[in-house]
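**Q** With the input below, show me the fold.
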Amino acid sequence: MVIGIMRAFLGFWAILCTALLPAGAAQAQQARAGERADFLLIDKSDRRLWVYQDGKVIRSYSGLQYGDQPVGHKRFQGDERTPEGRYTISYGNPQSSYYLSLHIDYPNAQDRAYARSRGRSPGGLIFLHGQPNGLPYEQRIPGDWTDGCIALSNAEIAELWSLVPDGTPIEIRP
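**A** Numbers count the residues shown, from 1 in each chain. Reported below is the predicted structural model:
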């Protein structure tokens, strides 16, 4: 009897929590069934991201937003450019200043060496993320506005969040 009551309570709690999620987050929960990214590809010039599983595209997103200087590879802290090259999604941050974020492990050894040879810092803390917290869920800041990160809509990052495990390789092409 106690187990039956506990199951009923947990079922009710799960339904209540799902109902309280923003619309995009509830849709992201549905995207999890059997789908897991094993590779991400971004084409900066096309402003497009493709999500791959077993060599097949399972999702794509367009209209990506970058730093104020979107052309060229990130070289130094403060240059407001988005990195180019092969990296890894190292972790997700649900407590981000933006609606969810996935950390890209920039800088790699080559990025650090280049910056060091010029007496500069390569910067860091590059993420795929949603829009700033505090905006209405559906609102999107126009244009390029990040400091080198890659921004998506909140609904898109919620879905991506559900698909991308830590350790997923990402390639960012010019």
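
**Q** Show me how far stretch 140-152 is from its chain's centre.
**A** Chain-centre distance of stretch 140-152: 12 Å, with Cα atoms, centre = their mean, to the nearest Å.

**Q** Just the CA coordinates for it, please, in CSV.
**A** Presented in CSV, the C-alpha positions along stretch 140-152 are these (Å, rounded to 0.1, in the frame of the first residue of the first chain):
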residue,chain,number,x,y,z
ARG,A,140,15.8,36.6,-28.9
ILE,A,141,18.3,39.4,-28.9
PRO,A,142,18.9,40.5,-32.5
GLY,A,143,22.2,40.3,-34.3
ASP,A,144,25.6,39.1,-33.0
TRP,A,145,26.0,40.0,-29.3
THR,A,146,28.0,37.3,-27.5
ASP,A,147,31.7,37.7,-26.4
GLY,A,148,32.6,34.7,-28.7
CYS,A,149,30.0,32.1,-27.7
ILE,A,150,27.4,30.6,-30.0
ALA,A,151,23.8,31.6,-29.1
LEU,A,152,20.6,29.8,-30.1
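
**Q** contacting residues around that stretch?
**A** With contact meaning Cβ atoms under 8 Å, 6 or more residues apart in numbering, stretch 140-152 is reached by 42, 49, 61, 63-68, 70, 74, 78-83, 98, 101, 104, 123, 126-132, 135, 153, 160, 172. C-beta here means a position set from N, CA and C on the backbone, and glycine is covered the same way.

**Q** Now, of the residues you listed, which are buried?
**A** Taking 16 or more other Cβ atoms under 10 Å as the criterion, what is buried in those is 42, 49, 61, 64-67, 70, 74, 79-83, 98, 101, 104, 123, 126-132, 153, 160, 172.
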